[in-house]
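# Structure of the sequence below:
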Amino acid sequence: MPINPIDAANQSAQATQPRQQGILGKDDFLKLLIGQLQHQDPMSPSDPSEQMGQMTQFSILEQLSNLAQSQQAAASNDYDQQAVALIGRTVTYTRADGSTASGVVEQVTFTSRGPTLTVDGESGIAPVLVSEVR
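Numbers count the residues shown, from 1 in each chain. I've put the predicted structure just below:
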């Protein structure tokens with residue numbers, strides 16, 4: 001049973017990295033919209049249909065962001081469930097030194113970096129290191 005992890009550390013690293021040049025996020029979009037409204041000429045206001053279109057785009061952007069967060073949470077839950085399903089199973093995994101070891105999964109511990117396995121008393125084994133399940 002292969003485990004396809006959601007790499008939480010990689011996702012958080014991407015979230016803290018600076019944006020790629022030329023790509024605007026929802027905060028940037030909102031700042032631009034507010035700036036446009038603050039600096040418009042009151043004697044010649046912007047076209048209301050244009051403003052409605054911008055608000056619609058912002059709403060769509062917000063909903064896509066919420067959908068992406070929901071999908072990440074669902075994928076993380078699946079990953080956790082796959083780790084729990086290993087309890088009582090015999091697994092082969094790769095140790096930090098590159099050697100392989102086998103044993104029965106005794107426990108799953110959930111940390112901020114994701115689940116870790118305890119195999120025959122050896123704790124802290126990431127499920128991604130499991131190469132075989134029997």
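# so what secondary structure elements neighbour the longest helix along the chain?
Counting by DSSP state H, the longest helix found in the chain is helix 48-84. Counting by 3 or more Cβ pairs under 8 Å, 6 or more residues apart in numbering; DSSP states H and E, the packing neighbours recorded for helix 48-84 are helix 26-38, strand 100-111, strand 114-119. Bear in mind the C-beta positions are built from the backbone N, C-alpha and C, glycine included.
# how about a cut-off of 6 Å?
Here helix 48-84 touches helix 26-38, going by 3 or more Cβ pairs under 6 Å, 6 or more residues apart in numbering; DSSP states H and E.
# contact partners of the helix it packs on?
Gln54, Phe58, Leu61 (Cβ atoms under 6 Å, 6 or more residues apart in numbering).
# what's the angle between it and helix 48-84?
160 degrees (axes from the mean of the first three to the mean of the last three Cα atoms, to 10 degrees).
# What score does Ile63 have for pLDDT?
Wrong residue type there; residue 63 is Gln, not Ile. For Gln63, the pLDDT comes out at 90.
# got it, and Gln14?
pLDDT at Gln14 comes out at 47.
# do Ala9 as well
If you check Ala9, the pLDDT there is 40.
# do the same with Ser44
For Ser44, the predicted pLDDT is 70.
# for it, helix, strand, or coil?
coil (DSSP: H, G, I helix; E, B strand; the rest coil).
# and what of Asp97?
Applying three-state DSSP: Asp97 is coil.
# Got phi/psi on it?
phi -80, psi 0 (degrees, to the nearest 10).
# wait, what's in contact with it?
Applying Cβ under 6 Å, 6+ apart, we find Asp97 in contact with no residue.
# With respect to Ser102, which of the contacts of helix 26-38 is nearest?
Among the contacts of helix 26-38, Leu61 lies closest to Ser102 (Cβ to Cβ), at 48.5 Å.
# Now the closest one. Nearest residue, chain neighbours left out?
Lys26 (5.0 Å; Cβ to Cβ, 6 or more residues apart in numbering).
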